[in-house]
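A.B. asks: Any chance you could fold what I've pasted below:
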Amino acid sequence: MAYIYPAPGVTGAQVVLTLTDATAALTGNIVMPALQDITINASNDLFTWTQLDSASKQQVATTATNSLDMNCVLDQTTFFGTGGTTTVANVGVFGLSTRKTLVGFSLYLGNTSAGTAGKTMSGNAYVTGLAPTVSADSPVWVSPVTLTVTGSYTVA
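C.D. replies: Have a look, this model is predicted:
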C-alpha cells in the first residue's frame, strides 16, 4: 500500500498549497502558510425524477461541484499582501478574493509512507468564504478559505 502520509512539518512530505493568477495579470505566487486542515470536495450533482411505474426515484449524475475548503491561521503579509498591484504577493489572499481573481492552484497532497513522490491536484478557482475570527480561546486570527473550482481537477 502507498498511503498518503502528509507528515506535518517534514519538508518534502507535507501538504503545500500554491496560488497563482490564472489570467497572468499578476506575476508570482503565494504558498499558503499555517494551514490547519484541507477538505477536497468533488461532488457530482444529480438529476432526480419519479415515474408512475416505479416505487423508487430515478437518478442520473450530472456535472460536479468542486471545491477546496480549509482553515488557516492568518499571516498578515500573505492574507493582506505587501502592497502594490503587480504580483500575487502584493494583493494577498484577501485581494485575490475582493478582486474576484481567477486563481490557479496546486495542492501537493504529501508524500507516501514508502517515500515515493506524492500526487498534486491542480485547477482554477475563485477565493471565497473568507471569515476571519479571533476569540479568547483562540487568540490568533483564524479564517476559513474556500477555493470554488471552475472546471475539473487535474491530478499529476
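
A.B. asks: Enumerate every residue touching the residue positioned nearest the centre of the chain.
C.D. replies: Closest to where the C-alpha atoms of the chain average out (CA atoms, centre = their mean) is Leu68, at 3.7 Å. By CB atoms under 8 Å, 6 or more residues apart in numbering, the contact set of Leu68 is 17, 38-41, 105, 107, 125, 146-147, 149. From N, CA and C alone the C-beta is placed, and that goes for glycine too.

A.B. asks: Over to Ser43?
C.D. replies: 64-66.

A.B. asks: which stretches of the protein form strands?
C.D. replies: 4-5, 16-21, 29-31, 35-49, 58-73, 102-108, 111-112, 120-128, 142-155 (DSSP state E).

A.B. asks: Which strands or helices does the third one pack on?
C.D. replies: Applying 3 or more CB pairs under 8 Å, 6 or more residues apart in numbering; DSSP states H and E, one finds that strand 29-31 contacts strand 16-21, helix 88-98.

A.B. asks: relative orientation of the longest one and strand 102-108 in degrees?
C.D. replies: By that I understand helix 88-98. Helix 88-98 and strand 102-108 meet at an angle of 110 degrees, taking axes from the mean of the first three to the mean of the last three CA atoms, to 10 degrees as the criterion.
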